[in-house]
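> sharing a model prediction with you, sequence too.
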Amino acid sequence: MAGILVFVEQRDGDVRKASLQALSEAKRQGGAGGTVTAVLPGSGVGNAAAELGAWGADKVFVADDPNLLRYSAEGYAEVVAKAAETALPSAIFFAGTAMGRDLAPRVAAQLGVGAIPDGVKLTLNGDTFSVRRPVYSSKAFAEVDTAGKTPQVISLRPNVFAAEESGGSAEVVAIDGLSLSIRALVKALVVVAGEELDVAEADIIVSGGRGIKGPENFALIRELADALDGAVGASRAAVDAGWIDHSHQVGQTGKVVSPSLYVACGISGAIQHVAGMSSSKIIVAINKDPDAPIFKIADYGVVGDLFDVIPPMVEAIKAL
Amino acid sequence: MNCVVCVTSVPDTASVIKIGAEGKGIDEAGIKWIPSPFDEYALEEALQLTEAKGGEVTVVTYGPERAEAALRDCLARGAHQAVHVLGGEATLGDSFTIAKVLAAALKDREIDLVLCGVQGVGTDCSQVGQMLAVLLDLPSIAIVTKLEVGDGSLTAEREVEGAKEIIESPMPAVITCQKGLNEPRYAALKGIMAAKRKPVEKIEVASLGIEEGADPFYRVESLTLPPEKAAGTIIQGVDDPAAAAGELVKLLRDEAKAI
């Protein structure tokens, strides 16, 4: 057993950025002493497959089947398990997206091994990985391994590992002989209108909390997010008050994010919120309470009323 | 409509985490244990389903003696039966072993739907539900925010990045429950009193043919606290917010190179 198999996720034929990050990390890790093989299930994904060589894949297994047009945990797991039987990798990487976090444990259980979710740093010892992952909502970090079990099924936290074009090319091989016995199947994918950019995928996030006072004031948060080309996030207080949908919630009972810039507006910094965003590269806090705990983890902070600070901030950004 | 709800006990989400003496786990002194918050959505959904369609809710946990409190809490809210598999301290975070234990405890029961929280808060793995489904040979749907149960089948909405997936599945099935699915009820005093008299079935993990710690799939080598963060640059913006905003934008561009 050697090499790394990387599950590649696409939506309507477009490969997800987080999967390119996982592929690039597999390449940076030297394929754990073997080759980097991508596995891409879908329907009409031939073009996407051919491009994966540029992101680090030596070889791409494609399962192109109308029954794989939409995601199913069972169908996709069968494809990955089949690719693993052929490639015999020492590790299988998944991007830690909603799909990857669902699929990885199913694949692992099918292969009779465990899985390590949400890796933020990988260390190769011989041909197996030791994985650093946040636990207790990022209040601690665990260094974990699979106690000698292989293949090591590992999911990688999105936006932590860089996607790098390596300029290589990959051999594309079709996977066939699939039985695809699928029980639970996605019948429709409903894209949330006007909210294309999800906090889990955004490189810049502007979040509002209790301090924005009401649902109508998310317009101000959105204005700043738009100026920065970012996504709109929210604290639990704002979500529980019914001001914005839960899909925006960042924190322990929402999404865990690692953007390059996180701007917290009117968010006090409760431990449950910090848990979801403390691994952001640059944290900015805008809050009128100088003692708000959010300032303890902020790289930059403005003590002031967000309603007075955000409008000139938007102007200044637009003037750049 | 018989529902099984898998619950786990976790440190209160507001707990201050300290590292234990061996450097591989947390110092449990002073920790208050609560049912994992996501499990409350799983329990509530099961209670509503059985209230509407009949049948029973069985709650099951795998954990040490103290985990019984989580089962009592579920009984107080209306669960009918409780199963406590004793153990689990050596297998914390080892999702596959936990799934094996739960599968062994559940395999002979008549189940229409298994409901788990989307993840156990603390170990934050989000894996047991899907692994349990594979071991019981059932379909699984993770991160469910809406559920409609029909005759032998269900339709669920699942939260994904920037979209919702609408999924149809036959039952029995395993779902993992996310915030937004429902509003969990509180236990009424009457329920709390009644729960004290309800029996909790105790199962020793060894009696399921599983030797704890003998064959781990997930091993913690070390547990450490995150490094202390250096103090940031704080700008006073009460008197002249426009100047503060300008300075912040300048710092973000020139110093942090974040915009």
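In hand now; what should we look at?
> mind listing what residue 115 touches?
The chain I'm using is chain A. A:104-105, A:107-108, A:153-155, B:95-96, B:127, B:131, B:217-218 (C-beta atoms under 8 Å, 6 or more residues apart in numbering or on different chains). Glycine gets a C-beta too; all of them are placed from N, C-alpha and C.
> ah, no, chain B please
Neighbours of residue B:115 in contact, by C-beta under 8 Å, 6+ apart: B:3-6, B:42-43, B:45-46, B:174-177.
> which two of these lie the greatest distance from each other?
Taking C-beta to C-beta, the two most distant members of these are B:43 and B:174; they sit 15.0 Å apart.
> per-domain residue ranges of the chain.
Just going to use chain A. A:4-174, A:204-318 (automatic domain parsing).
> try again with chain B
Following automatic domain parsing, chain B resolves into domains at B:3-208, B:232-259.
> before we move on, back to that, can you say which of the domains of chain A is nearest to residue B:10?
With C-beta to C-beta as the measure, domain A:4-174 is the member of the domains of chain A nearest residue B:10 (9.0 Å).
> quick check: end-to-end length of that closest one?
18 Å (C-alpha to C-alpha, to the nearest Å).
> quick one: mean pLDDT for that domain?
Summarised as a single mean, pLDDT over domain A:4-174 is 95.
> in three-state terms, label residue A:264 for me.
strand (DSSP: H, G, I helix; E, B strand; the rest coil).
> what's across from it in the sheet?
Going by DSSP bridges, residue A:264 is paired in beta bridges with residue A:207, residue A:285.
> how about the helices in the chain?
Looking at chain A here, since you left the chain open. Listed in chain order, the helices of chain A (DSSP state H) span A:17-28, A:46-51, A:73-87, A:98-111, A:218-228, A:236-240, A:271-277, A:294-297, A:306-318.
> um, chain B though
Assigned by DSSP H, the helices in chain B fall at B:37-53, B:68-77, B:95-106, B:128-135, B:189-197, B:241-254.
> tell me which of the ones you listed sits most buried.
helix B:128-135 (a mean of 27; mean count of other C-beta atoms under 10 Å in any protein chain shown).
> between that one and helix A:98-111, how big is the angle?
40 degrees (axes from the mean of the first three to the mean of the last three C-alpha atoms, to 10 degrees).
> using CSV, list the CA coordinates for helix B:128-135.
Only the C-alpha atoms of helix B:128-135 are listed here, as CSV (Å, rounded to 0.1, in the frame of the first residue of the first chain):
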residue,chain,number,x,y,z
VAL,B,128,-20.8,7.9,14.1
GLY,B,129,-24.2,8.2,12.3
GLN,B,130,-22.9,7.4,8.9
MET,B,131,-20.7,4.5,10.2
LEU,B,132,-23.6,3.1,12.1
ALA,B,133,-25.7,3.1,8.9
VAL,B,134,-23.0,1.1,7.1
LEU,B,135,-22.8,-1.4,9.9
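> does it reach chain A?
Yes: contact of helix B:128-135 with chain A (C-beta under 8 Å from any C-beta of the partner chain) involves B:128-131, B:133-135.
> list of residues touching that helix?
Residues from elsewhere that reach helix B:128-135 (C-beta under 8 Å, 6+ apart): A:73, A:102, A:105-106, A:108-110, A:115, B:6, B:95-96, B:98-100, B:102-103, B:106, B:114, B:116, B:118, B:120, B:139-140, B:142, B:173-176.
> quick one: average pLDDT of that helix?
98.
> go through the residues of helix B:128-135 next to chain A and name the one nearest residue A:266.
Checking these against residue A:266 with C-beta to C-beta, the nearest one is residue B:129 at 35.1 Å.
> quick one: residue B:144 and residue B:174 touch, right?
No: between residue B:144 and residue B:174 there is no contact under C-beta atoms under 8 Å: 10.2 Å.
> among those two, which residue is more densely surrounded?
Legend: neighbour count by other C-beta atoms under 10 Å in any protein chain shown for residue B:144 and residue B:174, higher for residue B:174 (28 against 25).
> need the contact list for the more buried one.
Listed by C-beta under 8 Å, 6+ apart, the contact partners of residue B:174 are B:113-116, B:129-130, B:132-133, B:136, B:138-141.
> show me the two of the residues you listed that sit farthest apart.
B:113 and B:130 (15.0 Å).
> ok, now how distant is residue B:193 from chain A?
Going from residue B:193 to chain A by C-beta to the nearest C-beta, to the nearest Å gives 30 Å.
> so what pLDDT did that residue get?
93.
> look up how far residue B:69 lies from it.
16 Å (C-beta to C-beta, to the nearest Å).
> same deal with residue A:1?
Look at residue A:1 and residue B:69: by C-beta to C-beta, they are 44 Å apart.
> now swap in residue A:248 and tell me
With the distance defined as C-beta to C-beta, residue A:248 ends up 33 Å from residue B:69.
> near residue B:200, how many other residues are there?
Look at residue B:200: counted by other C-beta under 10 Å, it has 15 neighbours.
> try the one 3 residues further on
A count of nearby residues for residue B:203, using other C-beta under 10 Å, gives 17.
> which residues does the closest residue to it other than its chain neighbours form beta bridges with?
Leaving aside its chain neighbours, residue B:203 sits nearest to residue B:85 (4.8 Å; criterion: C-beta to C-beta, 6 or more residues apart in numbering or on different chains). Beta-bridge partners for residue B:85, by DSSP bridges, are residue B:62, residue B:203.
> hey, what's residue 6 bridged with?
Because you didn't say which chain, this covers chain A. Going by DSSP bridges, residue A:6 forms beta bridges with residue A:38, residue A:93.
> that's the wrong chain, I wanted chain B
Under DSSP bridges, the residues paired with residue B:6 across the bridge are residue B:60, residue B:116.
> who's in contact with it?
With contact taken as C-beta under 8 Å, 6+ apart, residue B:6 is in contact with B:39, B:42, B:59-61, B:102, B:114-117, B:128-129, B:132.
> for the closest residue to residue B:43 other than its chain neighbours, the count of nearby residues, please.
Leaving aside its chain neighbours, residue B:43 sits nearest to residue B:5 (5.0 Å; criterion: C-beta to C-beta, 6+ apart). Other residues near residue B:5 come to 27 when the count uses other C-beta under 10 Å.
> can you check residue B:198 too?
If you count neighbours by other C-beta under 10 Å, residue B:198 ends up with 15.
> so where do the strands sit in the stretch 151-259 of chain B?
Counting by DSSP state E, counting those that start in this stretch, the stretch 151-259 of chain B has strands at residues B:153-160, B:163-170, B:173-177, B:200-204, B:219-224, B:233-236.
> deepest in the core, which of those is it.
Mean neighbour count (mean count of other C-beta under 10 Å) peaks for strand B:173-177 among these, with a mean of 28.
> who does that strand pair up with?
The strands beside strand B:173-177 in its sheet (DSSP bridges) come out as strand B:113-117 (parallel), strand B:140-149 (parallel).
> can you list contacts of stretch B:248-259?
A:204, A:228, A:260-261, A:281-282, A:284, A:299-300, A:302, A:309, A:313, A:316-317, A:320, B:233, B:235.
> straight-line length of it, end to end?
This stretch, stretch B:248-259, spans 11 Å end to end (C-alpha to C-alpha).
> for that stretch, give the mean pLDDT please.
Averaged over stretch B:248-259, pLDDT sits at 95.
> do stretch A:278-298 as well
Stretch A:278-298 comes out with an average pLDDT of 95.
> got the end-to-end distance for that stretch?
9 Å.
> I figured the residue nearest to residue B:43 hits residue B:38, correct?
No: using C-beta under 8 Å, residue B:5 is not in contact with residue B:38; the gap is 11.1 Å.
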